[in-house]
Structure formats: C-alpha cells, structure tokens
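A.B. asks: show me the folded form of this:
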Amino acid sequence: MPVTHRLPQRVAEGVQCALRVSDLQFTYPDGTRALRGVSLELQPGEKVALLGPNGAGKSTLLLHLNGILEGSGRIQVGDVVLAREALPAIRAMVGMVFEKPDDQLFSPTVFEDVAFGPLHMGLPEDEVRGRVSRALEAVQMSAYGGRLSHHLSAGEKRRIAIATVLSMNPSLLVLDEPSDGLDPRSRRTVLNLLNQLPITMLASTHDLAMVREIFPRAIVLDDGRVAADGPTSEILANREFLAAHGLEGS
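C.D. replies: Have a look, this model is predicted:
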C-alpha cells in the first residue's frame with residue numbers, strides 16, 4: 001500500500017508554523033521503539049486529527065509536545081524550540097487535554113481548577129479571574145465556577161478540562177481521545193465546542209465520525225511512523241489503507 005503524501009503548504013512570509021516536529025524518535029526504557037522519525041507541521045488555525053491503531057505512538061507523540069517525554073529530534077511551537085530552558089514557555093503555549101479528565105481536575109471547585117494555571121504563572125488576581133471567566137464562557141460552563149469538580153458528569157468534566165488549558169491562552173490545543181467515554185448528548189456538546197474553538201488543534205482519536213465532521217486533515221501513525229498525511233476525506237475513503245493500518249471499523 002503506497003504512503004499517502006501531503007502536498008507541502010506555503011506559509012505566508014513572516015508567519016511561523018504553529019507546530020513543527022522534525023525526525024522525532026523515542027524509545028521507552030524497556031526497549032520499545034515508540035517513535036521512529038516522526039515529522040509533521042501544523043499551520044496556524046489548522047485542525048488536524050491524529051489517527052492510528054493502539055500502540056502506534058499517538059499518545060507518546062502528544063506527550064512530547066510540551067516536554068512530558070523527551071526524545072531525539074526537534075520540536076518547535078511557533079518561534080520557540082522545545083528545550084529544558086524553554087519548558088515554561090512551551091507549556092503555556094501547548095494546552096494538553098488528557099484522555100481522562102480526572103487526571104486534570106484535582107481542585108475542590110471548578111473555579112480553582114481553571115484558575116490553577118494562571119495562578120502559577122504569577123498573574124494578578126483580576127487577570128486570573130478574567131481568564132477563568134473567558135475560559136468557562138468558551139466551553140459554555142459559566143455557571144459552574146462554584147461547583148465541585150468531582151460531582152460533574154463525564155461530559156462536563158471534559159469541558160472543564162478543556163477550560164483549564166484555555167485559561168492559559170495557548171496557541172495550540174492538544175487533545176487525547178476527546179470523545180472517549182461520553183454519552184451521545186455529551187459527545188455532541190464536546191464536538192460542537194471543538195468545532196467552534198478558533199485555535200490550532202491536534203487531536204488523537206479513534207472516533208472517525210468526529211474526524212470526518214471536524215478535522216479537514218488527518219495524520220495516520222503506525223508503528224511509530226507517519227503512514228499518511230493528507231485530506232481527511234481522501235484518507236478515510238481508502239478502505240484498503242484503513243484496514244492495513246488497523247483503522248477499519250473504528
């Protein structure tokens with residue numbers, strides 16, 4: 001099966017790529033090679049789906065984007081190259097939403113969860129409150145500031161988890177399985193939210209219906225390599241390719 005190649009895009013003069021990953025490689029301590037020379041670029045405003053079977057390297061790639069994992073290669077977010085000294089700046093620019101919201105929500109109330117990042121940036125109280133208000137409004141949860149985070153539904157927790165990263169004013173939103181475990185109504189609410197957010201987005205998912213609806217471009221990882229990168233409609237129409245890379249029936 002031939003690899004689907006994506007035609008390179010011209011970037012307007014003076015405009016940085018939102019994300020550039022070059023020859024990223026990573027091996028876990030047990031010897032498992034998770035990434036084998038991954039390279040990709042996202043332009044400002046793009047919404048891109050990251051697809052692939054379990055064990056393809058998707059979550060490993062995402063965890064590199066704000067320095068949780070460190071492999072060899074080069075990662076650049078906007079005009080900042082990821083390095084140890086640049087981690088605070090990178091983590092403010094890359095909003096990471098984990099697969100399980102409970103990994104992200106640990107404060108007593110919704111307000112405190114959403115305020116956590118801005119507070120640790122040392123921002124003044126008025127700015128923190130403004131960021132929390134804007135983030136909750138963006139996920140349509142403005143009335144939930146005083147609610148107990150652990151009493152929320154799965155869909156509500158997902159939206160609050162997204163708000164916790166939006167309060168940091170990131171330039172790139174990274175999501176791991178954003179629709180996983182949601183009932184149909186909550187899933188629709190989250191899909192509508194992601195569709196409306198005006199931010200560069202990279203989402204790892206097995207939800208191909210969501211990919212068709214929201215993400216014009218898809219990148220397929222398999223065995224730690226980019227197997228395809230191109231228009232979602234073309235990739236998902238190729239049943240032979242999907243079957244070959246463990247995506248059939250997803």
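
A.B. asks: and the pLDDT for the residue most central in space within the chain?
C.D. replies: With distances taken as CA atoms, centre = their mean, Val174 lies nearest the centre of the chain, 1.5 Å away. Looking at Val174, its pLDDT stands at 96.

A.B. asks: quick check: which element contains it?
C.D. replies: In this structure, Val174 is located in strand 172-176 according to DSSP states H and E.

A.B. asks: which other helices and strands does that strand contact?
C.D. replies: helix 58-64, strand 94-97, helix 154-166, strand 200-204 (3 or more CB pairs under 8 Å, 6 or more residues apart in numbering; DSSP states H and E). For every residue, glycine as well, the C-beta is placed using N, CA and C.

A.B. asks: which one of those lies nearest to Pro29?
C.D. replies: Among the helices and strands packed on strand 172-176, the nearest to Pro29 by CB to CB is helix 58-64 (12.9 Å).

A.B. asks: relative to strand 200-204, how tilted is the very next helix or strand once past the closest one?
C.D. replies: As assigned by DSSP H and E, the chain's next helix or strand after helix 58-64 is strand 72-77. Put simply, strand 72-77 runs at 140 degrees to strand 200-204, going by axes from the mean of the first three to the mean of the last three CA atoms, to 10 degrees.

A.B. asks: show me what counts as buried in strand 72-77.
C.D. replies: By 16 or more other CB atoms under 10 Å, the buried positions in strand 72-77 come out as 73, 75-77.

A.B. asks: got the contact list for the helix or strand following it?
C.D. replies: Later in the chain than strand 72-77, the nearest helix or strand by DSSP H and E is strand 80-81. Strand 80-81 is touched from outside by 74-75, 86, 89-90, 93, with contacts defined as CB atoms under 8 Å, 6 or more residues apart in numbering.

A.B. asks: partner strands of the strand holding Val174, parallel or antiparallel?
C.D. replies: Using DSSP bridges, the strands paired with strand 172-176 are strand 94-97 (parallel), strand 200-204 (parallel).
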